[in-house]
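**Student:** just a sequence and a predicted model for now, questions to come.
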Amino acid sequence: MKTADLKGPWLDYWVAKAEGLTPEFKAHQAQQWVTVREQSGVPYAPSTAPGQGQPIMERHRIGTSWDDVSGQWHAELEHAARVDGVQRSFAAGPTQLLAAMRVRVMQVYGEEVPDA
């Protein structure tokens with residue numbers, strides 16, 4: 001699966017892995033969410049919960065900006081290397097947190113993660 005397409009519980013799952021946590025999927029009826037053992041069953045949702053996502057952005061120096069042309073938030077690592085003039089840790093999304101968490105996963109796993 002392309003990292004740029006991750007969202008919802010799947011994005012949160014891969015962020016947890018990138019952060020060195022032990023993610024677990026939970027489901028009840030039509031809802032799915034991720035928990036991590038280290039947080040004793042509390043829903044883990046850094047792609048939508050500012051209290052969880054902002055510290056990751058600060059720790060990894062992930063910056064965001066609004067792009068009027070695409071109508072999306074863009075996120076990139078402040079210290080990301082450029083290869084052949086292309087920024088390798090860059091992602092877009094409808095929210096700052098979603099774009100930033102995609103960049104975090106990309107930083108660790110690259111352009112794709114294994115399908116579930």
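**Tutor:** Good, I have the coordinates.
**Student:** how about the helices in this structure?
**Tutor:** With DSSP state H, the ranges of helices along the chain come out as 8-18, 50-59, 96-109.
**Student:** residues in contact with the residue nearest the centre of the chain?
**Tutor:** Note on the chain: the residue nearest the mean C-alpha position is residue 101, at 1.9 Å, using C-alpha atoms, centre = their mean. Going by C-beta atoms under 8 Å, 6 or more residues apart in numbering, residue 101 touches 6, 11-12, 15, 46-47, 53, 56. Heads up, the C-betas are built off the backbone N, CA and C, glycines and all.
**Student:** so where is this structure shaky, pLDDT-wise?
**Tutor:** 38-41, 79-88, 116 (pLDDT under 70).
**Student:** hmm, back to that, and residue 35, which of the helices of the chain is closest to it?
**Tutor:** helix 8-18 (8.9 Å; C-beta to C-beta).
**Student:** from the contact counts, what lies against that closest one?
**Tutor:** strand 23-28, strand 31-36, helix 96-109 (3 or more C-beta pairs under 8 Å, 6 or more residues apart in numbering; DSSP states H and E).
**Student:** what's the burial count for the residue nearest to residue 108 when sequence neighbours are not counted?
**Tutor:** What sits nearest to residue 108 in space, not counting adjacent residues and going by C-beta to C-beta, 6 or more residues apart in numbering, is residue 18, at 4.1 Å. As a burial measure, residue 18 scores 20 neighbours (other C-beta atoms under 10 Å).
**Student:** quick one on the thing from earlier: from residue 68, how far off is the residue nearest to the centre of the chain?
**Tutor:** Note on residue 101: its distance to residue 68, by C-beta to C-beta, to the nearest Å, is 22 Å.
**Student:** does residue 110 touch residue 2 like I think?
**Tutor:** No: assessed by C-beta atoms under 8 Å, residue 110 is found out of contact with residue 2, at 10.2 Å.
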